[in-house]
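J.: sequence-free structure coming up:
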């Protein structure tokens, strides 16, 4: 493999520097993924065992693509090469070692809704009024304390200390962990059991971290602890693209890395392969207004390209119509596929107007960052069944399924189950069996039969899933869905036949995901437990994008993507920079500017910025001012486009198309 022929000079230097700590500052569109794959391929070619390499990134999609590119490049199976996410890596460590901390290895991962349910239970059992708490705020506080974004000290309220302590105690009782634990618990293992750290460090002697500016303090502590012995930690990031402080990312980790690894080598990737010179010049001028950053300037050999267009529609509705109309015109005139267009917004609230404008014109759209398949109630119901089948001690999910679909099990019965569980110091599921099969607890025959049904159902499918080795677990899952009569339940719950079809379609997508996962050659242990854990780690990622659809997403969701033509919409001063963010702290202006910089650098050929003159806020129409960031773009790079009126013929055609859709024609 001739690296010099495949990479530019700085990429080559980064890919060929294998030993010792390495900091790679990779600007937007600088080909860092290509460099990383060649670097790992080079490591393998130099004789480094694939088992000794750990490559970490932030999404399952990115990790999967990296692994595929390395395998394609080397033409090797590399079944023991670890390219994964931080949370998946943490999960793997806990599956091996969590028993040292007092958990059983078949623990459940609690998602956000599970956490809220548990917090309610903790508050209730403490005798406090649930209505006195904002449960989302409590969840956020617990996360911040766990990940050390907030520190428990003498000034911390006593109730807060009690709540956090009780929350963790309940998690352990239920043999469950939350997503923060997937990072925090491995650190606890390393601190309490140095031999586990030693063993893991000896396994992973070479560690690479992509998107390093997005790491949290806990994530940095994890990789730095693993790298202290071998010192072969390579981190790749760009402080100008740090836009996730609200979820714990800390771009100052770059400074911490420099302090912890003073012998590091530092390499800058400044050549941009994505954007035109015009777009890149605009981006450089904007980001230069941030002072606390690595000094760098992206450059490109791409063409100058057209100027940035600035449009100023009268209001949000006209903005959406104009953008939709222009996308269709460009699609027809320049034969540009719809999937090469992106509409980027600062927040989700603006998205529906653009979906509607495109739909009216018979154009599909794909929304990223919207409601995930895994956030839908019907999917959560089915996954709750699987969580209990995997881990019958999971009381939170047991309470979700006990009367879903409805089985006539009321609050009094549930309270009795809780009482028996407390008396026998056991799980609710075990307490249910005691009540169902004992004459000591008089209950109605119908209720007893319902309890027996649930107990037998969980026991039956626990056995079927564990004994199945024919890679047909998806059939077992379908049988489970049929046996609980979930479709009948949806029909009772929904007046709309279309709603039932829509929800059952989502469930069929879920079962098909299990089928495909079982057939994947690289899944050595295709257990239902591993699949459910993977599903939970997928979070909001969506790999089923429609190539004939216009992409609509928030600026945050656009990070790492690129499109031929990008529309930045709602570029007004109360939207970006966000008024709320600036009210929280004037210092947030830097991150808002980084977000705008990220949005601009998604564009390859054409960039259109839209700033409406008026915007509905609440129930009022207010006059909007163009974002202050627009003024940071040199005037010679911007053309202010005239707002064209919508032709009457198009209005007529649009209404005719909409009418036909409504009539089902």
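T.: Sure thing, it's come through. The structure displayed is predicted, hence computed values, not measured ones. Residues are numbered from 1 along each chain as shown.

J.: give me the residues contacting stretch 186-201.
T.: Contact with stretch 186-201 is made by 90, 93-94, 97-98, 100-101, 218, 221-222, 225-230, as judged by CB atoms under 8 Å, 6 or more residues apart in numbering. Every C-beta, even on glycine, is put in place using the N, C-alpha and C of the backbone.

J.: rerun at 7 Å
T.: Outside stretch 186-201, the residues that touch it by CB atoms under 7 Å, 6 or more residues apart in numbering are 90, 93-94, 97, 100-101, 218, 221-222, 225-226, 229-230.

J.: what comes up buried for it?
T.: 186, 187, 189, 190, 196, 197, 200, 201 (16 or more other CB atoms under 10 Å).

J.: same check, this time on stretch 307-317
T.: Buried-residue list, stretch 307-317, by 16+ other CB under 10 Å: 307, 308, 309, 310, 311, 312, 313, 316.

J.: mind checking how far the fourth one is from residue 567?
T.: Between residue 310 and residue 567 the computed distance is 11 Å (CB to CB, to the nearest Å).

J.: related to what we said a few turns ago, pull out the buried members of the contacts of stretch 186-201.
T.: Here, 16+ other CB under 10 Å leaves 90, 93, 94, 97, 218, 221, 222, 225, 226, 230 buried among these.

J.: how is the closest residue to residue 381 other than its chain neighbours assigned, secondary-structure-wise?
T.: Computed as CB to CB, 6 or more residues apart in numbering, the closest residue to residue 381 that is not its neighbour in sequence is residue 404, at 5.6 Å. Following DSSP: H, G, I helix; E, B strand; the rest coil, residue 404 is assigned to coil.

J.: what about residue 404, neighbour count?
T.: 17 (other CB atoms under 10 Å).

J.: do the same with the one 5 residues further on
T.: Using other CB under 10 Å, residue 409 is surrounded by 18 other residues.

J.: my guess is it meets residue 403, correct?
T.: Yes: counting by CB atoms under 7 Å, residue 403 is a contact partner of residue 409 at 4.8 Å.

J.: now do the same for the closest residue to residue 573 other than its chain neighbours: its pLDDT.
T.: Closest residue to residue 573 apart from its sequence neighbours, by CB to CB, 6+ apart: residue 625 at 4.6 Å. Residue 625 carries a pLDDT value of 94.

J.: hang on, residue 625 packs against residue 576?
T.: No: counting by CB under 7 Å, residue 625 does not reach residue 576; the two are 11.8 Å apart.

J.: looking at those two, which one has more neighbours?
T.: Remark: of residue 625 and residue 576, residue 576 carries more neighbours, 24 against 12, as counted by other CB under 10 Å.

J.: that one: what secondary structure?
T.: coil.

J.: show me the strands in the stretch 401-550 of the chain, by range?
T.: 550-554 (DSSP state E, counting those that start in this stretch).

J.: okay, now the unreliable bits of it?
T.: Scanning the stretch 401-550 of the chain with the threshold set as pLDDT under 70 gives 521-524, 538-547.

J.: what about the nearest residue to residue 1 once chain neighbours are set aside, neighbour count?
T.: Of all residues not flanking residue 1 in the chain, residue 45 sits nearest, at 5.8 Å (CB to CB, 6+ apart). Other residues near residue 45 number 13, with proximity taken as other CB under 10 Å.

J.: give me the pLDDT for residue 45.
T.: Reported pLDDT for residue 45: 94.

J.: so it is in contact with residue 2, correct?
T.: No: with contact defined as CB under 7 Å, residue 45 does not reach residue 2; the gap is 10.9 Å.
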